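Novice: All I have is the shape, not the residue letters:
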């Protein structure tokens, strides 16, 4: 059973002239790490909003097609009902944190669900451990650094034990070092818990090494879908997605007649260049 | 010109957020302020239009101390675009959003229309003229916020994290746009974590860490300096990091972009092919 399955999914916002998302078909298997990217306004956020039924529950418009998440047809479901299946993490953690302590924030969703106290305590502790913030549990969210706040936001979502994690540019507000740490935590959770991960991101330099798959949207449709190394091709460049700079370097070297590989990380590029120069 | 002279700042009862900062930004200069979360970057740029006044020291905008002018007056000189566009957008349509401040400042209706039309085009917002800013994507709202400030043509422009939510093409437009307005003599200051954007634009980089300036110089020098990069919680741009991994090949210093790197490696590979050519002919 796929973790996400979309069939002929289309959505037009109320008052909009054309669909923001049109005829989307794809399926994601459990445990996949998928990057969703594409030019701004291409429909990425619209697609994400469908996954926990924010569309159509909170955004009116015309939704057609079928979407199954974690075995549940989302049609007619409430966003609250889906919260234990799909977890959402946003760009700015400040929008997601509001309690007086980290622990209370992480527990908030579980309390809302009416999870028994003992189980809630255990799940909150586990979520804080998994994100490395157990020692911060008594701090107020505003006392935390941006990176710690984003960990707390992820812990709050994780405590709900979703099987799909959707993150919308979760590192945009963080300094590069904290951003790296957050992406590493996401990758660890994906790997250890087989937590299906859908990461919306423009900065492919930062995230590509962790993903097994990249979906590129353009004009409301899926334009490319495959492993990063295959997707980062000329077509992706022309759609206007920012390829990792080492991938770009090898594109330039190919124009000069050198190199046939398509590295996506600095380490791969360094090894490929050494090999080329030794030949 | 914006001059920061011996500036220290703390919020009431709090620790020092800025500690004896000295900085001079000339007209037409493009400066990126970088550093870890909480380094004091946003606090520093809020001094530029008088939103915050230093606890010690002075901030001078074109020679005038920011203590001597109201924020409203200073805003005409220094346009500040916030990190979160939702803190500044409120009008019912994008066009009205852009016209709002111009009406406030008493511009003539004809001028207002001309400026709004021109900005909609420059920032690729034409199709949203009649849309509510709140139905737009995050990246698009950011461009509306930028356009709304540029509408009154401030002498200097400060942007807090302008690349968040922007795709590659939009960043390219932003870069061209910055070049264009600096060539008109405006100082442009951005606060950013986006090392790859900085590697492409190559502004002057001011690194701030724990309230102090720890480095100040051309992007190619600062972003290839491992100690400075580490201290400010940055990471090197990919190409700089690649060149660092391959330092035993003796690449020229300060390469931070793919084109320069290609020049070096392509040259080396061509030399190898040529060196091998005579043997092959034999």
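Specialist: Sure, I can see it. Not measured: the values here are computed from a predicted model. Numbers count the residues shown, from 1 in each chain, chains lettered A, B, ... in the order given.

Novice: Residue B:124 - how many residues pack around it?
Specialist: By the criterion of other C-beta atoms under 10 Å in any protein chain shown, residue B:124 has 16 neighbours. Placement of C-beta: from N, CA and C, glycine included.

Novice: separation between it and residue B:170?
Specialist: To residue B:170, residue B:124 is 8 Å away according to C-beta to C-beta, to the nearest Å.

Novice: Common neighbours of the two, please.
Specialist: residue B:143 (C-beta atoms under 8 Å, 6 or more residues apart in numbering or on different chains).

Novice: Residue A:241 should be in a strand, yeah?
Specialist: No: assigned with DSSP: H, G, I helix; E, B strand; the rest coil, residue A:241 falls outside any strand and is coil.

Novice: and it, what is it in contact with?
Specialist: A:37-39, A:202, A:204, A:216, B:167-168.

Novice: which strands and helices sit next to the helix or strand hosting residue A:269?
Specialist: Residue A:269 belongs to helix A:266-278 when assigned by DSSP states H and E. For helix A:266-278, the contact count by 3 or more C-beta pairs under 8 Å, 6 or more residues apart in numbering or on different chains; DSSP states H and E identifies helix A:245-255, helix B:238-245, helix B:258-281 as packing neighbours.

Novice: Stretch B:120-130 and chain A, are they touching?
Specialist: No: using C-beta under 8 Å from any C-beta of the partner chain, stretch B:120-130 never reaches chain A; the gap is at least 9.4 Å.

Novice: now do the same end-to-end measure for that stretch.
Specialist: Its first and final residues considered, stretch B:120-130 spans 11 Å by C-alpha to C-alpha, to the nearest Å.

Novice: The closest residue to chain A within chain B - nearest residue in space that isn't next to it in sequence?
Specialist: Nearest residue of chain B to chain A, counting by C-beta to the nearest C-beta: residue B:168, 3.3 Å away. The spatially closest residue to residue B:168, leaving aside those adjacent along the chain, is residue A:242, at 3.3 Å (C-beta to C-beta, 6 or more residues apart in numbering or on different chains).

Novice: Next, the contact list for residue 145, please.
Specialist: Defaulting to chain A. A:178, B:37-38.

Novice: Wait, chain B was what I had in mind.
Specialist: Residues in contact with residue B:145 (C-beta under 8 Å, 6+ apart) are B:81-82, B:85, B:88-89.

Novice: burial of the closest residue to residue A:201 other than its chain neighbours, as a residue count?
Specialist: Computed as C-beta to C-beta, 6+ apart, the closest residue to residue A:201 that is not its neighbour in sequence is residue A:207, at 5.0 Å. When neighbours are defined as other C-beta under 10 Å, residue A:207 has 25 of them.

Novice: Please apply the same query to residue B:63.
Specialist: By other C-beta under 10 Å, neighbour count at residue B:63 equals 7.

Novice: for residue A:212, same thing?
Specialist: For residue A:212, the count of nearby residues is 15 (other C-beta under 10 Å).

Novice: likewise residue A:154?
Specialist: 26.

Novice: Equivalent analysis for residue B:109, please.
Specialist: There are 10 residues near residue B:109, going by other C-beta under 10 Å.

Novice: cool, residue B:132 as well?
Specialist: 15.

Novice: Model confidence at it, what's the number?
Specialist: Residue B:132 is assigned a predicted lDDT (pLDDT) of 87.

Novice: and the residue nearest to residue A:22 when sequence neighbours are not counted, what does it touch?
Specialist: What sits nearest to residue A:22 in space, not counting adjacent residues and going by C-beta to C-beta, 6+ apart, is residue A:220, at 4.5 Å. Residue A:220 is in contact with A:18-22, A:42-43, A:46, counting by C-beta under 8 Å, 6+ apart.

Novice: re earlier: in the helix holding residue A:269, what counts as buried?
Specialist: Using 16 or more other C-beta atoms under 10 Å in any protein chain shown as the test for burial, helix A:266-278 gives A:266, A:268-270, A:272-273, A:276.

Novice: wait, residue A:11 sits on residue A:50?
Specialist: Yes: using C-beta atoms under 8 Å, residue A:11 makes contact with residue A:50 at a distance of 6.7 Å.

Novice: Overlap in contacts, those two.
Specialist: A:21, A:63.

Novice: So which of those two has more stuff around it?
Specialist: residue A:11 (24 against 21).

Novice: what's the spacing between residue B:37 and residue A:220?
Specialist: Residue B:37 sits 35 Å away from residue A:220, taking C-beta to C-beta as the criterion.

Novice: spatially speaking, which residue is in the middle of the chain?
Specialist: Defaulting to chain A. Nearest residue to the geometric centre of chain A (C-alpha atoms, centre = their mean): residue A:199, 1.7 Å.

Novice: meant chain B, my bad for not saying
Specialist: residue B:190 (2.1 Å).

Novice: Quick check: pLDDT value at that one.
Specialist: pLDDT, residue B:190: 97.

Novice: Just confirm it contacts residue B:159, I think it does.
Specialist: Yes: look at residue B:190 against residue B:159 with C-beta under 8 Å: they come within range, at 4.8 Å.

Novice: What residues does the stretch 151-282 of chain B have near chain A?
Specialist: Contacts of the stretch 151-282 of chain B with chain A, taken as C-beta under 8 Å from any C-beta, map to B:161, B:164-171, B:193-196, B:199, B:232-235, B:237-239, B:241-242, B:245-246, B:249, B:257-259, B:261-262, B:265-266, B:268-270, B:272.

Novice: Take the helices and strands packed on helix A:266-278 and write them to TSV, including mean pLDDT.
Specialist: Putting these into TSV (pLDDT from 0 to 100) gives the following:
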stretch	mean pLDDT
helix A:245-255	95
helix B:238-245	96
helix B:258-281	85
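
Novice: Packed most tightly, which of the ones you listed would that be?
Specialist: helix B:238-245 (a mean of 23; mean count of other C-beta atoms under 10 Å in any protein chain shown).

Novice: ok, and what's touching that one?
Specialist: The contact list for helix B:238-245 (C-beta under 8 Å, 6+ apart) reads A:205, A:244-246, A:249, A:266-267, A:269-270, A:273, B:196, B:199, B:223-224, B:226, B:235-236, B:251, B:255-258, B:260-261.

Novice: Show me what the helix ranked longest in chain A is packed against.
Specialist: If you go by DSSP state H, chain A has its longest helix at helix A:176-193. Under the contact criterion of 3+ C-beta pairs under 8 Å, 6+ apart, helix A:176-193 touches helix A:146-158, strand A:164-168, strand A:196-200, helix A:204-207.

Novice: Run the angle between the first one and helix A:176-193 for me.
Specialist: Going by axes from the mean of the first three to the mean of the last three C-alpha atoms, to 10 degrees, helix A:146-158 is angled at 20 degrees with respect to helix A:176-193.

Novice: Just checking helix A:146-158 against chain B, any contact.
Specialist: Yes: on the criterion C-beta under 8 Å from any C-beta, helix A:146-158 is in touch with chain B at A:146-147.

Novice: what's in contact with that helix?
Specialist: With C-beta under 8 Å, 6+ apart as the criterion, helix A:146-158 contacts A:87-90, A:93-94, A:96-97, A:102, A:105-106, A:108-109, A:124, A:127-128, A:130-133, A:136, A:141, A:144, A:165, A:170-171, A:173-175, A:177-179, A:181-182, A:185-186, A:189, B:37-38.

Novice: For PyMOL, what selects the buried ones among these?
Specialist: Listed next is the PyMOL selection for buried residues among those, using 16+ other C-beta under 10 Å:
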select buried, (chain A and resi 87+88+89+90+93+94+96+97+102+105+106+108+109+124+127+128+130+131+133+136+141+144+165+170+171+173+174+175+177+178+179+181+182+185+186+189) or (chain B and resi 37+38)
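
Novice: can you tell me the residue of the stretch 151-279 of chain A closest to chain B?
Specialist: Closest residue of the stretch 151-279 of chain A to chain B, C-beta to the nearest C-beta: residue A:242 (3.3 Å).

Novice: That residue: what's it in contact with?
Specialist: A:202-205, B:167-168, B:171, B:196.

Novice: Just send the residues you listed back as JSON lines, with pLDDT and distance to residue B:209 too.
Specialist: As requested, these are exported to JSON lines (pLDDT from 0 to 100; distance: C-beta to C-beta, whole Å):
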{"residue": "A:202", "pLDDT": "89", "distance to residue B:209": "26"}
{"residue": "A:203", "pLDDT": "88", "distance to residue B:209": "22"}
{"residue": "A:204", "pLDDT": "93", "distance to residue B:209": "27"}
{"residue": "A:205", "pLDDT": "91", "distance to residue B:209": "23"}
{"residue": "B:167", "pLDDT": "86", "distance to residue B:209": "30"}
{"residue": "B:168", "pLDDT": "87", "distance to residue B:209": "29"}
{"residue": "B:171", "pLDDT": "90", "distance to residue B:209": "25"}
{"residue": "B:196", "pLDDT": "95", "distance to residue B:209": "20"}
